[in-house]
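>>> sequence plus predicted model, see below.
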2 protein chains.
Amino acid sequence: MTRFKDLSQPGQYACEERVDAVGPKGTIKGVRVLGPVRSSTQFEISVSDAFKLGVQPVIRNSGDIKDTPGIKLVGPKGEVEVPEGVIVAARHIHMHTSDAEEFGVKDNDVVRIKVGGPRGLTFDQVLVRVSDKFNLEMHVDIEEGNACGVKNGDLVELIK
Amino acid sequence: MTRFKDLSQPGQYACEERVDAVGPKGTIKGVRVLGPVRSSTQFEISVSDAFKLGVQPVIRNSGDIKDTPGIKLVGPKGEVEVPEGVIVAARHIHMHTSDAEEFGVKDNDVVRIKVGGPRGLTFDQVLVRVSDKFNLEMHVDIEEGNACGVKNGDLVELIK
């Protein structure tokens, strides 16, 4: 895998490499591979992507891929049937240990996040992940982001 | 316009007719026309649709289309430049007058709606529309629906 661009979490990067994902009902082309290499392949999609591909949308935390749908991935040098690992990633917050201390939360806590504005809402069920290797950042998928009108870098409010 | 299927709100229907919407950056094909005829053309999209078409996503209540983006609509017999009317519809609840009495709300009130489950959240800024011609129903767009994992017919909780 060839590093294309660093992501906001330390050590994580987007790759030059892209693949096409082929499901029973449709294909999503040019999906960028993220690194570094994990122990298992994981393919993160939105609920809309799931309908387009024709797979069940299964909400899971990253890494929790047992009994999730599989997918065929097609690259420039061949293709592979991934038997499981297609998930709709559950929303979560990455926090450095010092952030967690400041907010008074710990790894695996579930908190609420309030977003203001004309599409304001409060997300329940937001998982907190704490590590010395994390930067403070909430991750939602594109549909969750559009549903509340946030953009990358916007500030939101944590409610315990 | 040729009636294809009644919608859940009395008198509203989906038509056989479809058009392609052509924006500066992309096209959405086969968009179904809804009836009956309004005084002005309104084209309701999601935030993702706005990016695909290349128009600004503007959150508005239905009918409030002044200074919103326009769009080119292409049908089987020609095309038309609609000068304005492209909106991301603000979420809202249709209520019959008797429902409004039961909930203790009135037309144009703004309430909150709580959705449970693994993608649970509480929508703020939900507009209440009351009429003797409405059936009780909350309308969200596909991204708002997917963000909280609801399907058509699911029950949600109104919070005043």
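Great, that's in hand.
>>> quick one: the residue nearest to residue A:83 when sequence neighbours are not counted from residue A:63, how far?
Of all residues not flanking residue A:83 in the chain, residue A:70 sits nearest, at 4.6 Å (C-beta to C-beta, 6 or more residues apart in numbering or on different chains). In this view, the C-beta of every residue, glycine as well, is placed from N, C-alpha and C. Residue A:70 sits 16 Å away from residue A:63, going by C-beta to C-beta, to the nearest Å.
>>> of these two, give the one with the bigger neighbour count.
Each of residue A:70 and residue A:63 has its neighbours counted (other C-beta atoms under 10 Å in any protein chain shown); residue A:70 has more, 16 against 12.
>>> wait, the more buried one sits on residue A:80?
No - using C-beta atoms under 8 Å, residue A:70 is not in contact with residue A:80; the gap is 10.1 Å.
>>> near chain B, which residues of chain A are found?
A:46-48, A:57, A:59, A:90-91, A:118-125, A:140-144, A:146-149 (C-beta under 8 Å from any C-beta of the partner chain).
>>> out of the residues you listed, which are buried?
A:46-48, A:57, A:59, A:90-91, A:119, A:121-125, A:140-144, A:146-149 (16 or more other C-beta atoms under 10 Å in any protein chain shown).
>>> those residues in strands, which ones?
A:59, A:121-125 (DSSP state E).
>>> okay if I get those as JSON lines plus distance to residue B:96 and pLDDT?
Converted to JSON lines, those look like this (distance: C-beta to C-beta, whole Å; pLDDT from 0 to 100):
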{"residue": "A:59", "distance to residue B:96": "34", "pLDDT": "96"}
{"residue": "A:121", "distance to residue B:96": "26", "pLDDT": "98"}
{"residue": "A:122", "distance to residue B:96": "28", "pLDDT": "98"}
{"residue": "A:123", "distance to residue B:96": "31", "pLDDT": "98"}
{"residue": "A:124", "distance to residue B:96": "29", "pLDDT": "96"}
{"residue": "A:125", "distance to residue B:96": "32", "pLDDT": "94"}
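>>> so what pLDDT did the residue nearest the centre of chain A get?
Closest residue to the average C-alpha location of chain A: residue A:89 at 4.6 Å, with C-alpha atoms, centre = their mean. On pLDDT, residue A:89 comes in at 96.
>>> that one contacts residue A:65, correct?
No - the criterion here is C-beta under 8 Å, and residue A:89 misses it with residue A:65 at 10.8 Å.
>>> and the helices in chain A?
For chain A, the helices defined by DSSP state H occupy A:47-53, A:97-103, A:142-148.
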